[in-house]
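[1] When you get a sec, could you give me coordinates for this:
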Amino acid sequence: MPRKSHQNRKYSPEIKAAAVQAYQAKEGSLREICKEYGIKDTKTLRYWIACYNGHKEFKRPRAARGALYMTKGKKTTQQERAEIVAFCLEHGKDYLLTVEQFGVSYQQIYSWVRKYEEKGIDGLADGRGRTKPESEMTDAEKLQAQVRMLEAQLRDKEMEIELLKKVKELEGGAWWVK
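    The predicted model follows:
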């Protein structure tokens, strides 16, 4: 006895349209059309017919569309990012077209466009791994940096005290140390 698949099947828009047209041309019953086109259930075909009669467009299966959104990110220079953003903006913020054209993730393009709109070309600079020089910091940022430094110093002192306690404990309990 064959195992039933619990996974939904994906059908191309071409197969959907062909099956609906075959049914409407009275080339067979719902069951026969499903068998001919490899459709799992007559309910699926009835849904397609309703969509077709309602003039809805058949779309690609979600897995095929989702693959565009989840492309692997790639390293880019500021110049390349500027070119990608320019392309996206020239095409009316068509992110999917930009993904297909440049092979960069949807999220990354969206982020670059937003940064470009907020800060201009300087917003596309890669600032990872760089700390702001003190001359660029606001008073609040300077205070936050100072607090972080003091907290780090406090943690170092607390670890040093704990270490000294352990050493004293070991020295006091060791019979060979006199």
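
[2] and this structure, what are its domains?
    13-59, 66-124 (automatic domain parsing).

[3] closest to Glu171 out of the ones you listed?
    Counting by Cβ to Cβ, Glu171 lies closest to domain 66-124 out of those; the figure is 53.6 Å. Bear in mind the C-beta positions are built from the backbone N, C-alpha and C, glycine included.

[4] those helices in this structure, which residues are they?
    Along the chain, counting by DSSP state H, helices occupy 13-24, 30-37, 42-53, 62-69, 78-90, 95-102, 106-119, 139-173.

[5] Pipe those into a markdown table and attach mean neighbour count per row.
    Shown next, in a markdown table, are the helices of the chain (neighbours: other Cβ atoms under 10 Å):
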| stretch | mean neighbour count |
| --- | --- |
| helix 13-24 | 16 |
| helix 30-37 | 16 |
| helix 42-53 | 15 |
| helix 62-69 | 11 |
| helix 78-90 | 16 |
| helix 95-102 | 17 |
| helix 106-119 | 16 |
| helix 139-173 | 10 |
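
[6] Which of the ones you listed comes out lowest on mean pLDDT?
    For the helices of the chain, mean pLDDT drops lowest on helix 62-69, to a mean of 52.

[7] which residues does Val113 contact?
    Going by Cβ atoms under 8 Å, 6 or more residues apart in numbering, Val113 touches Val85, Cys88, Leu89, Lys93.

[8] repeat that for 10 Å
    Arg81, Ile84, Val85, Ala86, Cys88, Leu89, Lys93, Tyr95, Thr98, Gly123, Leu124 (Cβ atoms under 10 Å, 6 or more residues apart in numbering).

[9] Tabulate the helices of the chain (JSON lines), appending distance to Pro133.
    JSON lines is the format used below for those (distance: least, Cβ to Cβ, whole Å):
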{"stretch": "helix 13-24", "distance to Pro133": "56"}
{"stretch": "helix 30-37", "distance to Pro133": "66"}
{"stretch": "helix 42-53", "distance to Pro133": "60"}
{"stretch": "helix 62-69", "distance to Pro133": "38"}
{"stretch": "helix 78-90", "distance to Pro133": "19"}
{"stretch": "helix 95-102", "distance to Pro133": "33"}
{"stretch": "helix 106-119", "distance to Pro133": "18"}
{"stretch": "helix 139-173", "distance to Pro133": "11"}
